[in-house]
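>>> A structural model of the following input is requested.
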Amino acid sequence: MTQDFSAVAELMHDETITHSFTKDVALPSGKTLVLLTLDNGLDHKKPTTLGPNGLLELHAALEKQAARAKSGEIHGLAITGKPYFLIAGADLSAVTRLSAPEQATAMATLGHRAYALLADLGVPTFAFTNGLALGGGLEIALACTYRTVSTAAGALGLPEAFLGLIPGWAGVYRLPRLIGPENALKVMVENPLNNNRTLSGPAAYKLGVADALFEPADFIERSVAFADGVLSGDIEVKRENSVDPSDPEVARRWLQAADKAEQFVDAKLSGAAPAPYKVLEVFRQGLKLTQKESAELEIQALTELMATNQFKNTVYAFLELVQKRGKRPAGAPDAKLARPVTKVGVVGAGLMASQLALLFVRKLNVPVIITDLDQSRIDKGLAYIHGEIDKLHAKGRMSQDAVNRAKALVSGSVTKEVFADADFVIEAVFEELTVKKQVFAEVEAVVSPECILATNTSSLSVTEMGRDLLHPERLVGFHFFNPVAVMPLLEIAATQWTNETTVATAFALGKNLRKTTVRTKDATAFVVNRVLLRLMSEVQAAFDEGTDAQTADTALAPMGLPMTPFTLLSMVGLPVAQHVNESLNASFGDRFAVSENLGKLVDAKIATLWAKDGNGQPMLDPAAQALLSFGGKPSTKDQILTRVQDALAEEIGLLLSEGVVAEAADVDLCMITGAGWPMHLGGITPYLDQVGASERVNGKKFNS
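Sure, this is the predicted structure:
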């Protein structure tokens, strides 16, 4: 196997190596602690990761310390990272270059080899988790005997199920024994599939992932003191959540938790991606295995998964789209053109406007003022904002000082004169063009010549909103997705008049709001809603033509979308979906057919197609069914799936030919960050290429 290690290390000859630096620390108790620091020599913008060369260096460093431990020269070893990072996980760009199964096996084995030595060094080992610890980064901490974590450590987790892998460096084995099977599956399965959520340092400590929690200012010093206390016997570590799988009650909980997690995965993916199921498979088998036996199973699983299209698709979507293109948006002007934003105005105090105000005050820490027609609406909006801030405080995500500052920065008024000194004013009022034009006329009359005006419209023409303005060059589309705090995408739509200063300010603002920004042309529904509504229109049409509701709604299950079309329809709201579809129909014709059935439901104020039968299973709501009429041309699931694939290929082809965005990659980025398009499909255009729809409809692939 040594030759395989050398081969895979040579393959990654250009790897940015995370080095293992060691130094001896003399403890007050008279004992010696080795402090091993993982550092790639780059600043905090370049996370530390572990590739084959870094793992070989880590193993060599640990071998040397194991020899010292055996001779009694040292009494403990602690591992930590450069500022803000322990380890961000395996080097995914390196992993994707592994073309042969034996190379994947070697990479998987390298991690186990180093981590096993850390777990059995001959002296107690400590992880001082000073910052981000994801995947292999958290697993290196789990391999240690004891763990401390910083309150500032902002992202801890095992995201492998999201990436198309399993926590295969013993995380799937060690974590459930440390914090219990239920908590472990939340970290390994539920969090990754819920927008790749992670744990904060305090949350990790509360679960029992860490034994001690310290502030960042003196984190290393206090962690060293903790290690000294443990080594000298002055500190006894107790773990309330740890379990022994040989206990029959624990075994029952273990399998029950796995069954519950599998139901969650089925609901999310409908079997469309293998990695989460493989996590559960290895988790179940690990109940009765030794760590060494589990390691063999994990290596085999990693070898299999690294060869799947789902893994390659996910890494492309995550690294190339979200991480790279998302941080360097196409068409963004020079950031030096951007104007500072020191005060924000929000027109409206409804739910969307209140969400926007909350985001602005939290991320920008500047005064934010909302306006509406009367004081009662303003009071309701402010109450919502204050309530959400209080929830964040209760969850430990905002300090009391931050809460007080945020609440003090938000205010409301019934007059737009309060926008006189605002730098940026965004409207989030009723989706009606005449209403929005009136709002902008009123705002333009009171703001400074430099103030930028923005609309959060989802489907209306930004150009038409600006047609009667004195300065249409300062108007820009600034479209968020609901819920605003969760969905990463921000579509920035420039009109024929919008100048580059306005666009540059919009991009700078989006970056400060920590959103993924994409520049679009001012075209009806921009990107995400146009693509989504085309998908939903085809399913709705199949339903109206006589396909039963269950067949129509589940036909797209092989895609593994985050929700079914009719569930999405209910979440968006039938009136909103119908309104956007009408706008698209007016712009693009019968490709977006306006459903008479949907119109009947909207008129009757029926919110959803679905009800529950006596067994709690979904069924077509009898009240809805009574209103609907159907054709006599039902479709099969396969026919609907192909129909939707071809429709999406057509619509995206047209969208690109119109220049709505720069490239197909921007459509992919929009759909992933704005619609939750599954990363295991690699983006919507690679998916349409892979299933043949691009060539069927357009005669060529989107991506060559």
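
>>> report the central residue of the protein.
In the chain, the C-alpha nearest the mean C-alpha coordinate belongs to Asn195, at 3.8 Å (C-alpha atoms, centre = their mean).

>>> check contacts around it.
Residues touching Asn195, when contacts are defined by C-beta atoms under 8 Å, 6 or more residues apart in numbering, comprise 486, 676. For glycine as for every other residue, the C-beta is placed from the backbone atoms N, C-alpha and C.

>>> that one in helix, strand or coil?
Using DSSP: H, G, I helix; E, B strand; the rest coil, the structure places Asn195 in coil.

>>> ok, Ala454 to Phe478 distance?
Ala454 sits 4 Å away from Phe478, taking C-beta to C-beta, to the nearest Å as the criterion.

>>> find residues that contact each of the two.
Common neighbours of Ala454 and Phe478 (C-beta under 8 Å, 6+ apart) are 426, 506.

>>> which residues in the stretch 601-704 of the chain form helices?
622-625, 637-657, 664-675, 684-690, 693-698 (DSSP state H, counting those that start in this stretch).

>>> could you name the helices and strands sitting against the shortest one?
Secondary-structure packing of helix 622-625 (3 or more C-beta pairs under 8 Å, 6 or more residues apart in numbering; DSSP states H and E): no helix or strand packs against it.

>>> just the CA atoms of it, as PDB, please.
Taking Å, rounded to 0.1, in the frame of the first residue of the first chain, the C-alpha atoms of helix 622-625 are listed here in PDB:
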ATOM      1  CA  PRO A 622     -62.400  17.400  -2.200                       C
ATOM      2  CA  ALA A 623     -63.100  21.100  -2.100                       C
ATOM      3  CA  ALA A 624     -60.500  21.700  -4.800                       C
ATOM      4  CA  GLN A 625     -61.600  18.700  -6.800                       C
END
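
>>> could you list the buried residues of it?
Of the residues in helix 622-625, Ala624 count as buried by neighbour count, 16 or more other C-beta atoms under 10 Å.

>>> now it: mean pLDDT?
When pLDDT is averaged along helix 622-625, the result is 86.

>>> what segments of the stretch 51-200 of the chain are strands?
In the stretch 51-200 of the chain, the strands defined using DSSP state E, counting those that start in this stretch lie at 76-81, 85-87, 125-129, 132-134, 146-150, 156-157.

>>> now do the stretch 451-600 of the chain
Here the stretch 451-600 of the chain has its strands, by DSSP E, counting those that start in this stretch, at 452-455, 475-480, 489-494, 516-521.

>>> can you list these in TSV and add mean pLDDT and distance to Val315?
Output for the strands of the stretch 451-600 of the chain, formatted as TSV (pLDDT from 0 to 100; distance: least, C-beta to C-beta, whole Å):
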stretch	mean pLDDT	distance to Val315
strand 452-455	98	35
strand 475-480	98	28
strand 489-494	97	20
strand 516-521	97	18
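
>>> let me have those in a markdown table, extended by mean neighbour count and distance to Thr80.
A markdown table is the format used below for the strands of the stretch 451-600 of the chain (neighbours: other C-beta atoms under 10 Å; distance: least, C-beta to C-beta, whole Å):
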| stretch | mean neighbour count | distance to Thr80 |
| --- | --- | --- |
| strand 452-455 | 27 | 44 |
| strand 475-480 | 27 | 38 |
| strand 489-494 | 25 | 35 |
| strand 516-521 | 24 | 31 |
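
>>> could I get stretch 136-144 in CSV with only the CA atoms?
As requested, C-alpha coordinates have been extracted for stretch 136-144 and formatted as CSV (Å, rounded to 0.1, in the frame of the first residue of the first chain):
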residue,chain,number,x,y,z
GLY,A,136,-12.1,15.4,8.0
GLY,A,137,-11.6,18.5,10.2
LEU,A,138,-14.2,17.4,12.8
GLU,A,139,-13.1,13.8,12.4
ILE,A,140,-9.5,14.7,13.4
ALA,A,141,-11.0,16.2,16.6
LEU,A,142,-13.1,13.1,17.1
ALA,A,143,-10.0,10.9,16.9
CYS,A,144,-8.5,12.7,19.9
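
>>> may I see the buried residues of that stretch?
136-144.

>>> off-centre distance for that stretch?
22 Å (C-alpha atoms, centre = their mean, to the nearest Å).

>>> ditto for stretch 567-583
With C-alpha atoms, centre = their mean as the basis, the mean position of stretch 567-583 lies at 24 Å from the chain mean.

>>> go on, stretch 679-694?
Between the centre of stretch 679-694 and the centre of its chain there are 20 Å (C-alpha atoms, centre = their mean).

>>> ok, residues contacting it?
Outside of stretch 679-694, the residues within contact range by C-beta under 8 Å, 6+ apart are 162-164, 272-273, 275, 309-310, 312-314, 316-318, 321, 531, 559-560, 642, 645-646, 648-649, 652-653, 664-665, 667-669, 671-672, 677, 695, 700-703.

>>> again, only using 7 Å
Here stretch 679-694 makes contact (C-beta atoms under 7 Å, 6 or more residues apart in numbering) with 164, 273, 310, 313-314, 316-318, 321, 559-560, 645-646, 648-649, 652, 664, 667-668, 671-672, 677, 700-703.

>>> quick check: ChimeraX command selecting the buried ones in those residues.
Buried residues within the contacts of stretch 679-694, as defined by 16+ other C-beta under 10 Å, are selected in ChimeraX through the command that follows:
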select :164,273,310,313,314,316,317,318,321,559,560,645,646,648,649,652,664,667,668,671,672,677,701,702,703
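
>>> mind checking which helix or strand of this protein has the lowest mean pLDDT?
Of all the helices and strands that make up the chain, helix 2-11 has the lowest average by mean pLDDT, DSSP states H and E, namely a mean of 69.
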